[in-house]
Structures are given as structure tokens and as C-alpha cells.
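# next input, structure requested:
(4 chains)
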There are 4 protein chains.
Amino acid sequence: MLKIGVIGYGYWGPNVARNFHAVPGAELIAISDLSEKRLGLAKANYPFIRAVKEPLELIRSTDIDAVAIVTPVFSHYELAKAALLAGKHIFVEKPFTATSAQARELVELAAGKNLRIMVDHTFLFTGAVKKIKELIGSDELGKLLFYDSVRVNLGLFQHDVNVIWDLAPHDLSIMAHVIPAKPTAISAHGTVHFEGGFEDIAYICVGFDGGGFLAHFHVNWLSPVKVRKTLISGDRKMLVWDDLDADEKIKIYDRGVDVKSADGGKDGVHELLVSYRSGDVHIPKLEATEALKAEAQYFVECVEKGVEPFNDGRSGLQVVRLLEAADESLRQGGTRVEL
Amino acid sequence: MLKIGVIGYGYWGPNVARNFHAVPGAELIAISDLSEKRLGLAKANYPFIRAVKEPLELIRSTDIDAVAIVTPVFSHYELAKAALLAGKHIFVEKPFTATSAQARELVELAAGKNLRIMVDHTFLFTGAVKKIKELIGSDELGKLLFYDSVRVNLGLFQHDVNVIWDLAPHDLSIMAHVIPAKPTAISAHGTVHFEGGFEDIAYICVGFDGGGFLAHFHVNWLSPVKVRKTLISGDRKMLVWDDLDADEKIKIYDRGVDVKSADGGKDGVHELLVSYRSGDVHIPKLEATEALKAEAQYFVECVEKGVEPFNDGRSGLQVVRLLEAADESLRQGGTRVEL
Amino acid sequence: MLKIGVIGYGYWGPNVARNFHAVPGAELIAISDLSEKRLGLAKANYPFIRAVKEPLELIRSTDIDAVAIVTPVFSHYELAKAALLAGKHIFVEKPFTATSAQARELVELAAGKNLRIMVDHTFLFTGAVKKIKELIGSDELGKLLFYDSVRVNLGLFQHDVNVIWDLAPHDLSIMAHVIPAKPTAISAHGTVHFEGGFEDIAYICVGFDGGGFLAHFHVNWLSPVKVRKTLISGDRKMLVWDDLDADEKIKIYDRGVDVKSADGGKDGVHELLVSYRSGDVHIPKLEATEALKAEAQYFVECVEKGVEPFNDGRSGLQVVRLLEAADESLRQGGTRVEL
Amino acid sequence: MLKIGVIGYGYWGPNVARNFHAVPGAELIAISDLSEKRLGLAKANYPFIRAVKEPLELIRSTDIDAVAIVTPVFSHYELAKAALLAGKHIFVEKPFTATSAQARELVELAAGKNLRIMVDHTFLFTGAVKKIKELIGSDELGKLLFYDSVRVNLGLFQHDVNVIWDLAPHDLSIMAHVIPAKPTAISAHGTVHFEGGFEDIAYICVGFDGGGFLAHFHVNWLSPVKVRKTLISGDRKMLVWDDLDADEKIKIYDRGVDVKSADGGKDGVHELLVSYRSGDVHIPKLEATEALKAEAQYFVECVEKGVEPFNDGRSGLQVVRLLEAADESLRQGGTRVEL
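Numbering: from 1, shown residues only, chains lettered A, B, ... in the order given. This is a model prediction of the structure:
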């Protein structure tokens, strides 16, 4: 039985606690929160847990095997490091850390002590992302052409991070998960509209090894309409993922491009012949399990079996590095930053 | 009565001819096309016109006051120059020319001879764009925050230009028309997927004087779905223009952002307080006249009254300069190009 | 302080209990349910209440002023009658009773004892229905032409009632609430697809005093797609209510019909000239409060002030009478049943 | 070569003429129209035809093999009879005739003279209807449960017929074409809103042999929104046909209902167990040929080979009989009319 303590019982913490409580093989032992009020709520929901105010007290508990860190990003590094040093496996809210240097240090620390790190990129456990990964993995889309993601709304301004750190972790982690090619460069454009605030809209362009494939992300707190839409085109099939569509999230288009290079056409000139195919559309039924539950279950399994999860510290580090590089490009007016 | 000759009777030429034929105050006199077949069609539709093969023969006709040039972009400059030198007013298909140097020369030439140039940015005469211009002009949106345009489809690859020169002239001309601020820099990212081809997807980011406002364009020939959507947000109201929606093209959202800068909050820290308003949505009925007809009428009026049209050579030049700079940035891997 | 007992803690009862608990002026005193398990849940959520198994025990409690009856429809009459006889005000789940005779008896009983009956037609308290009532009340739609409602899905077959008694109470109560004219006749067509089952699809047509106005309802458990859509046309404006649209539930179309009766047209023949207007569309922001909470609050107020609620026993009776007559027509193959 | 004359060059006639002109094996010989202006237009489009004013003159022409009658419905019978008597095959606009007695007489007349009648139910030749017929024919939907059609808009009031005769011929002919079962009874409800006018909204319910299956039609000239939507559910699969969707007209839902009749459940009571399946959705690519062209081609083939078309006089008669019976029910307040 894996004994788990949860640090942070604010917006997302209750979901993490609920799922670790529900998952077989795990036991929710303790919850910490700096707010007395939140702690009282945790106690009311789980009367059997130990409720402590100080996270370090929870981390030092000898009866806890793993710690879930569900706090603002600036505190991840310090808490994660303390937990690893105390010999605990960790489950950390995304983004993993505030800098890639921090992430790298934690990854090495965990490796040295043979502890598991899992970064909570919950989206990777949704039916939609699993289906996309499966489609790309089985080469159903053919040679990939581009990845285009839009995540915009009239939304909560964050007080500690810009729109890239707020919204892009979702999309960058999904892209890194489903696209086999390696990102090599990033450019970002954005703007701060309100004095003293952070960038509230941004466009991020990611280049890849080999050149042809391109990924692009639009994140925005100032859009009149909410959009959560991703296009992924291959030369064999293409897909649209609309996460706001309750029933038909993923549409797979049997559309593609065939190219023939024809020499000796009219006047002997080399000519490019591009033709289109347009066939049926397919909307697969997606797995309906709660993503966070599946993830919690997976964490327990990985710890028990001593296996590295695919959403481990290294993959969390990759996302942080992309965010960091996007920020760097943003500050330099959109300059290309090599990864 | 303004006597008009049309050069080029391919895909778009018949529409131009039909409208100049229909507009009061204009008389369609001659049509030229290098293809015998197209010329035969022109003759069948307008038995009274003079059908000539050579464009220069049409240009030299002394009974013609104005020439519409509806040919591929590479030929615009030469034909336009010949027409201006022959003392004709010109109506030129978009994009105006293949380089900004050509456009500049034509603008000067026309100015010296007191001739009119109109560049056929037909979209500027649609009910949708007129309504957007009116809304921004009357300050109904408040301080503008961003302009975001998506024009993608699985579409005809062009054999002579990339996707930017094919699709972006629409959006860049619309943006230049409705946004009062001046673009100052441009960056573009894109990719060529098929050897020997041109860029088939591209993202363009335009910066403006003063900094806060940003415009972004996504043009793409490889999308499984057709999208023609523009978001324009102001701090008072926001709008979405979906050109594929037959009845409800423009939605105006009574949504906005109010910002207060609050000193001396908790711990005396300066804090940014951002709040949202979300009210009714309004869908205005748009003018339903054919855009090209209104434009043809406007050309006749401008020539008759000796007035510069708003879509004159100078505004055509501005669009060409944006396209050219986007291309330049594209070749340099997305570097910011000052305008 | 109005002391309230809730009978039935199954699917809907917890919502009723929660709202009466939350509403100022009311005090949740007791909950009854025949299932030990459900009762245990009630006790866990509200440790301070009296949990009793037998509804009659709850009804007989002298410290209770009002009883909410949230049980299957077949038991409403007996429980409601007992409660009224015990001097309690009642809040009854819809549909009010299984027959109009039962409803009539309860209405008279309550009147004789000066007790309040409220039938829980929750939809009447939604922002959407309130807006529709307001629009019709202020004559913004003009002379009403028709009411058309579609409520279909691939849904839970009920084991005790047909699709009319399951789904139509919503729409019939809404229609009766917003349409000032009186229904005078009803016809219904439907079909039973599975041996031993109930009608699973049905169409109901309601005629009105004066003739011109017509209401129609489509209820269906066998539709591949879920639809919740109502059209209401007036000769001045028309509206569409799409209850599945999260943000834009009600669209008001400035569209209408103008009719001139022109004598002495061509050949002196009397001719009908019908013309259409098509203007802007308006999407009002709707009130966002929880409907059931507003209704619970209203119940408390009506009891306290001794005022008849608009959704009283009489209006509950009207809906039951419509359901009953629809059933009657259904059994007779669609014959028109006078009301 | 089948020599064809077209009677009527108003709204639809030009399309009929154009397609018979284009189809191989047919020759457009003559066009008649009572209006000089329309006749002039016909002559301009087809300078080689014989343009005559009087339809009977065209019908009497000895060089014509077949006549297309594209006139208002009240004139169909007289013109068709004259044409058949003159030994011509006929292609008649829908609805076939104004009464079923007329239709019956024409069917017999044609049979006696071995001439072909084709009624122009163009929709039957669209890719959508062909796909639906194929799906039902191959039993992919399983046992059919219901057919529900909505065809509403704010549309042209007709001056000679009500909304049933205007809009329902489309849907009734499609239903008759794709549904194998035989209609046995019809009920219709509707209303006249404007004095001196015709019914402008109507609901039609069609019953079938065996009972379980039901068809329903909503036709309406007073709807704020245009809808063209048909639901067809089977117990194995279900489909939605949205004719206004440019790219995804038909969606096939792998959804269905499984029913087990379970004896000896709780308390030994017979219980109905209904369960749902919900799987993938499939959007087939539809044939894109122009429907009227395929129909014209089919007419030529049927005449040449002496084969009865599926849309022959008998099937045209069936639609007229349904319309007539719907009208009869309408006048009697919705009474069930046996067919």
C-alpha cells in the first residue's frame, strides 16, 4: 500500500487527493495547506487524515512514501527537493519547475536516489490525447506536416505568470507526447496590454529536426470566445481535436496530398503536381475514464514496479525548457532560440 | 461615360468585366486574353466588344479611358506601366505588384500624370469589412488589443507564389484598412513540405507603433478544414468575424476587461486588478450588395471626380511591402523585419 | 423560520435538500427515504437532521411546517394528501400527480386549509425561461404564430411512464407559463417499439382559443443526437432557445412577416401580399442563478406571505391535464381531445 | 437521339433545359413559354432551338419525342395528357398533379400507350439520398424505428398552394423512396395565420403497416431559422442528414438500443431491460454529381431502353396521394386518414 501525502489543498489539490484516495494500492495519509480554512475542508472531507499546516512537516513524516505537490509553481523546486532528500517519490503539479536548471537538478537527484518523479500533465491521460498518440504511433496520418493549437478565452489573468506559463504547458506537453520528432528551435511573439501585468496573448512557433514539420500555439486571455482546438495534418490523413465538443472531440479526415514531381512537362520545365484526396470523416468514440484517476493509478504502478513513467521528470523538464525558451524569445522580440 | 478595357479573361476577369458592364457611367469597350478560347467566350458574352489578343493593342486603343488588369501578378507591373504611359487609369488585380519597388514606381508615375490607380482588394467592399471598419471607427470596441486571422483550407497549390502571396493579401489589406495604427515590424514562420514547391503554411506576426497592439495571420493550404475567421478584441467590446457563416458573419460581444492598478494591497505590494465584463452578443445585419459591383462603381466615381480611392496605389503598395517583408523574414528563419 | 422535511433522497432529492438548507428563512429539519443507504447519505451530508425511513412519520412530525415530496409520481397523491391533512405546505416534484382527478382533489384540499402547494417545475426559474416570458409579456415578439419544441435524445427508458410523462412535463409547463392563450385541444401520435414497453417517441400538437396559434412538441428516447430546442415566432420578432448552447441559449431574430391584403390587383383579383423583414440578431445575457435555489427561496416567501405561487397546484393540475389528454389521444390513434 | 421539348422557362425550366442540352443521347429541340421575355431568354441561351409561345404547339410537333413539363402544378394534368395523347414521353415537375385522380388517369394513359412518365423528384438523385437508400437497403441501420424530417424557413409564401404542397413533396418522396414499408394512414395539423392565405405551418404524421415505425414531417414558412434536417433511427445504427451542412451532410451513429425481456426479475415481475450502445460516428463522402443531370441522363436511358424509372408516374401518384390525404386530415382538424 503506497502511503501518500498531498501538499496544497487549493484549486486542484482536492482533485488530486480525491483520486489518490480512490485508487487501489494507495492510501491517503496526510494533507497540508498553509490556509487554516482549506485545511479544515480537507479534514472534513477525509476525517481520517493527518492535517498539517507546514509542508515540511508532512514531507518529514516517516509513514509517507510519496508526496503530491500541488502548489504554485514558484514553490515546486524547494518542496520537491526536500521530498526527494527525505526519500519520497513525488507527483508534481505542472509546470514542473520555474526554471530548467531546477528541473535538471531534481531529475538528477531522483535518479541518484532511485525515486520516481511524475509531472501532472493530466491531459496526457484523456481519451482524446491517447487516441491521437495511437493514430500517430500507428502511422495512420502518414508523414506529419504541421501541428496547430489554439487555446484562448476571456480568462483569469494569473498574478504570478504570463499566459505562456499559464496555458501553454498543456499544449507543449501534449505535442511533446504525441509528436515523435524533436523540437530544435522556438520563437514567441506576445504582448503585455496592462501596465504592471504579464504577457496576456502570445504566439509560439516551434521548429523541428529536418525542417518540414512545424508546430504553432496561440494562447490568449483576451479572446471573446473560448477555443480549444488543435489541427494535426499528415500527408495521408488529418485530424481536428475540438476539446469543447462534448461528443465529437476528434474528427479524422481521410484527406491528404499526393505530390508527383513531373519532369519534362510543357516546355520541358520541371513542374510540381500536387493533388488532393478527400474522403470520409471518422469520429472515434473516446475512452471515458477520468484522466486524473488513470494518472494516479499509473503513478502508484510506476512506484510499485520501479518503472519510469512517460511523464517523468525528464519530460517535465522538456516542457519547462520549451516555456523558458519561449519566454526568452518573447523578451528578445521573437528571435529564434535554439533548444 | 468611362470607356473600359479588361485585360485577362481567366478566372476573375469575367467578374470584373460583368461588373464594369453593369455599372452606370461605365462602358465595356474591349477585352483581351492570350487564349483564343477565353477570348471566344468573352465575345460570346459581350458580342459588342472589341476582342483582341495582345494586351498592348488594347492598352494603345485611343477610345479607352481606363484599363482593368486581371492577369497573374508577375505581369502587373509591365502592363500597368504601359497603361499609365498611355494615359489610362488602371484597376489592378491584387496583389498590386510582385515587388514594392515596382509598386512605388507605378504610384509615382500615376501621380505625375494625374491618373487613378485602384487595387482590387474586393473584400474591403463587403458588408462585413464595412461593418468592422465602422465599429472600429466609432470607437465601439475601445482601445484595440489584438487582431487574429485564420485563413486555412485544403486548397489549390499555386504554381507561381507561396501561400503568403496567395492568401495573405486578403487579410493584410483588410487589417491595413480597418486598423488605424501603423505596422512597424513583421515576422513570418512557414515551411515548404514538397520539394520544388513553395511555402504551403505560414504564420505572420505584425507589430505596431506603440507596442501593445499585435496582429497575427495563419495562412495554410494543408488544413483538413476550411476556416475563415478573424478575432478583434478591444478593451470595451470584442468581435468575431466568421466569413463562412452564411447568416451570422459578425458577432459583437459586449465583453471587455477593466484594469485597476491597486497600490498598497496586502503587504503594501502593488497589485494589478483585472476584471471581466460579459454582456449581450449582437449580430448586425450586413449590407448585401455584391462587393465587386460596389467597387467598380467606386472606381468610376473616383475617376470621374478625380479623387484618390482609399484602395489606391499607395495602399496597394503597403500590402505588397508587408508581403515582401513577410517573405524576407521567412527566408531568414523568422527574423523581425522592420517596415 | 420555515421548518422543512424532505421525502425522497434519490436522484433529485439531494438537490432539493441542499437548496432548502441553503435558503435563508428555511431550516432543513428531517429527511426520509425508504432506502437505508440513501438515508445514510443524507445523514452524512446533514448530520443535524432527523433521518426517518417512513414518510408518514416525517409528515406527522409536529415541528415541520412544510414537506418537499421528491418521490416517483405514482406516490405523489397519497403523500401530498397526508401532508395537507397534517397541515403542512407542500413542494411536489413534477409532474404533480398521476391523474388530473388527484390533482384537483389536492388543490381543493389545500384551498380549504389555506395551505400552499408548489409544483417543482424548475425550468420556470431558469434565466432562459424568465427571459422568454419577459419578451412575450412585453409584446416584443408581436402576435404569436407558433411554439415548436424538440426534446430528444438516446436516453434512459423509464420503467413506469412513457416518454410523454417523462419529458413533456418540462415543455408543457414552460409553454403554459409563457404563452398567454389557453390550450383548447390536444392530439398526440407516438409508438411503442419494444414489446412490453411504453411509448418511446411521441409528437404532441396543442390547439388554442382563436385558432391561429399552434404548439407542437417532439419527445423521443430514440434519437441519435440530443436536442433541446424551442422556436417561438411572432409576427414582429422570432426566437430560438437552444438549451444545449452554453453561452448563447436564446437568439432573438428581428425577423417578421408583414401582410397586406390588396384588393384590385391584376384582373381585380384579391391578392395576399406577404413580405419579410430580416434584421439584426440579439443574444441577451441571461441571469445565471441556480434555478432550484430561486424556486426554493420563492416557496419560502410564498408560504411566509400567504401568497399563491404562479407554479401552484392549479398550474400543476393544468400540466397533468395536458399529459392525460395527450395520453388519451395517443391511445385513440391521434384523435383530437378537447380540454 | 431523344428529341426533347421543354414547356416552361421560368424558375426551374432553365435548369431542366440546360441539363437535357448537356446530356449525351438527348437533343434539345424546342422551348415554350407564355412570357415573351422568358422565351427571348431561352432563345438567347440556345439560339438553335425552336421557341414557341403555345405549349400545345410544342406538344404537337412531330419532331419531338419527349416533353418536359416545368409549369405550375395546376397545369400539369392538362399538358401531360395532351403530350401522352400526342405520343410523347413526359418528364413532369413535382408534385406530379393537383389530385390523385388526375395522376391515376395519366398513369393508365401512359401504360396503354407504352410511354414513360418521370416525375422530377430531383432530391432522389442527390448523393445524400442515394447514400441513405443504400444504408437502409443493406440493412446497416437494422430494424427501422422512426423517420423525422424538419424543413422550415422564413420563406416565400406561395400564392397557389399551402406549405404542405410547397415543401412536403421533397420529404414525402424521399421517405417513400428510402423506406421499404408502406404508409397506411396520415394525420396533419396546421394553421393559416393570414386571412385569405393558405396554411403556412404544418405537421404531418404518417403511420405504417405493422405499427412500430412512424414518420413525421414539419414544414413551415414562418421559422426564424432555416432547417433541413432528417433523423432516421434503426435499432442497430442511426443517422442524421443535415442538408445545410456543406461538407458533412450525413452522419451515421453507431448507436442503438438492445432490449432484453427479462422474466423473473425482482418479485418475479416481467421487466423490460433496455440498454444503449454508443460507438463511433462516420461521415461518408457523398457523390458530388449534379442531381438533375443524373436524373436527365436516367430519363434518356429509361426511354431508350423502355424501362420504367423508379420515379415513375406511380411513385409520383403516391406522393400526390399523401399530399391529398394530408390536406384532407388538415381540413378535418387532424383526423386520421387511411390511405
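# so where's chain A uncertain?
Of all residues in chain A, those with pLDDT under 70 make up the ranges A:156-158, A:260-273.
# ok, now with 80
Within chain A, the stretches with pLDDT under 80 are A:155-159, A:195-196, A:210-211, A:258-275.
# what does the domain assignment say about it?
Domain assignment for chain A, taken from automatic domain parsing, gives A:2-121+A:291-308, A:124-289+A:321-338.
# wait, does the first one contact chain B?
Just to be clear, that refers to domain A:2-121+A:291-308. No. Interface with chain B: domain A:2-121+A:291-308 contributes nothing (CB under 8 Å from any CB of the partner chain), its closest point being 13.8 Å away. All C-beta spots, glycine's among them, are computed from the backbone N, C-alpha and C.
# could you give the separation of that domain from the chain centroid?
Taking CA atoms, centre = their mean, to the nearest Å, one finds the center of domain A:2-121+A:291-308 at 17 Å from the center of the full chain.
# next, the distance between the ends of it.
Length of domain A:2-121+A:291-308, first residue to last, CA to CA, to the nearest Å: 16 Å.
# reformat the domains of chain A as JSON lines; add distance to C:Phe198 and mean neighbour count.
Shown next, in JSON lines, are those (distance: least, CB to CB, whole Å; neighbours: other CB atoms under 10 Å in any protein chain shown):
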{"stretch": "domain A:2-121+A:291-308", "distance to C:Phe198": "37", "mean neighbour count": "20"}
{"stretch": "domain A:124-289+A:321-338", "distance to C:Phe198": "26", "mean neighbour count": "19"}
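# let's have those in CSV, adding distance to B:Asn15.
What follows is the domains of chain A, written out as CSV (distance: least, CB to CB, whole Å):
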stretch, distance to B:Asn15
domain A:2-121+A:291-308, 51
domain A:124-289+A:321-338, 25
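# out of those domains, which comes closest to B:Gly210?
domain A:124-289+A:321-338 (10.5 Å; CB to CB).
# after the helix ranked longest in chain A, next one along is what?
For chain A, the helix with the greatest residue count under DSSP state H is helix A:313-331. Next along the chain after helix A:313-331, taking DSSP states H and E as the criterion, comes strand A:337-338.
# check whether that next one contacts chain B.
No. Strand A:337-338 is not in contact with chain B by CB under 8 Å from any CB; minimum separation 10.6 Å.
# who are the packing partners of that strand?
Applying 3 or more CB pairs under 8 Å, 6 or more residues apart in numbering or on different chains; DSSP states H and E, one finds that strand A:337-338 makes contact with strand A:183-191, helix A:313-331.
# which of those sits closest to chain B?
Proximity to chain B (CB to the nearest CB) singles out strand A:183-191 among those, at 4.4 Å.
# relative to strand B:183-191, how tilted is the following helix or strand past the closest one?
Counting by DSSP H and E, the next helix or strand C-terminal to strand A:183-191 is strand A:201-208. Strand A:201-208 runs at 40 degrees relative to strand B:183-191, counting by axes from the mean of the first three to the mean of the last three CA atoms, to 10 degrees.
# parallel or antiparallel, which strands does strand A:201-208 pair with?
If you go by DSSP bridges, strand A:201-208 pairs up with strand A:183-191 (antiparallel), strand A:214-220 (antiparallel).
# so which residues make contact with the last one?
Under the contact criterion CB atoms under 8 Å, 6 or more residues apart in numbering or on different chains, strand A:214-220 has outside partners A:146-153, A:163-164, A:166-168, A:171-172, A:175, A:179, A:183, A:200-208, B:146, B:148, B:189-191, B:201, B:203, B:216, B:218.
# the helix or strand just after it relative to strand A:201-208, how many degrees between them?
Sequence-wise, the next helix or strand downstream of strand A:214-220 (DSSP H and E) is strand A:222-234. Counting by the same axes, to 10 degrees, strand A:222-234 lies at 20 degrees to strand A:201-208.
# tell me the helices and strands packed up against strand A:222-234.
helix A:127-137, strand A:144-154, helix A:163-178, strand A:238-242, strand B:144-154, strand B:222-234, strand B:238-242, strand B:250-262.
# if you set the cut-off to 7 Å instead, what comes out?
strand A:144-154, strand A:238-242, strand B:222-234, strand B:238-242, strand B:250-262 (3 or more CB pairs under 7 Å, 6 or more residues apart in numbering or on different chains; DSSP states H and E).
# which among those is found nearest to A:Arg228?
Once those are compared by CB to CB, strand A:144-154 is nearest, at 5.7 Å.
# so is the closest one next to chain C?
No. Strand A:144-154 is not in contact with chain C by CB under 7 Å from any CB of the partner chain; minimum separation 10.9 Å.
# pull up the pairing partners for that strand, direction included.
strand A:214-220 (parallel), strand A:222-234 (antiparallel).
# let's have these in CSV, adding distance to A:Gln297.
Listed next are the strands paired with strand A:144-154 as CSV, based on distance: least, CB to CB, whole Å:
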stretch, distance to A:Gln297
strand A:214-220, 29
strand A:222-234, 25
